[in-house]
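Engineer: here's my sequence, what's the structure:
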Amino acid sequence: MDNRLLSIVDLCTFDGKRYANAGLIVRLEGDQVIIERDMNNKMLVDALLQAGVPREQIVLAQVKC
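Structural biologist: Predicted structure coming up:
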């Protein structure tokens, strides 16, 4: 299969209320890394570039809203 989805989900309870948030959503499609959402302090795009992934293979769909 050539289409994959990876996500990091935060779950917590605060003052008796439950919260859920997807802080990172990434799709792998062919040789492209598509970053749908990245709410982290250290951006995935920077780590990928540092690891040697060519910039033309990285698509920033939506980052830090």
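
Engineer: how about the helices in this protein?
Structural biologist: Ranges of helices in the chain, per DSSP state H, are 44-50.

Engineer: strand partners of the worst-scoring helix or strand of it on mean pLDDT, parallel vs antiparallel please.
Structural biologist: Lowest on mean pLDDT, DSSP states H and E among the helices and strands of the chain sits strand 3-14, with a mean of 91. Sheet pairing of strand 3-14 (DSSP bridges) gives strand 17-29 (antiparallel).

Engineer: any idea of the mean pLDDT in the strand it pairs with?
Structural biologist: Strand 17-29 shows a mean pLDDT of 95.

Engineer: okay, buried residues for it please.
Structural biologist: By neighbour count on 16 or more other C-beta atoms under 10 Å, the buried set for strand 17-29 is 24-27. Placement of C-beta: from N, CA and C, glycine included.

Engineer: with just CA atoms, put that strand into CSV.
Structural biologist: Backbone C-alpha positions of strand 17-29 (Å, rounded to 0.1, in the frame of the first residue of the first chain) are rendered in CSV as follows:
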residue,chain,number,x,y,z
LYS,A,17,-13.4,17.4,31.4
ARG,A,18,-11.8,15.2,28.8
TYR,A,19,-9.8,16.7,25.9
ALA,A,20,-8.4,15.3,22.7
ASN,A,21,-6.1,17.0,20.2
ALA,A,22,-4.2,15.8,17.1
GLY,A,23,-0.9,17.7,17.3
LEU,A,24,0.7,16.0,14.3
ILE,A,25,-0.9,14.5,11.2
VAL,A,26,1.3,13.3,8.4
ARG,A,27,0.5,11.4,5.2
LEU,A,28,3.0,9.4,3.2
GLU,A,29,2.0,9.2,-0.4
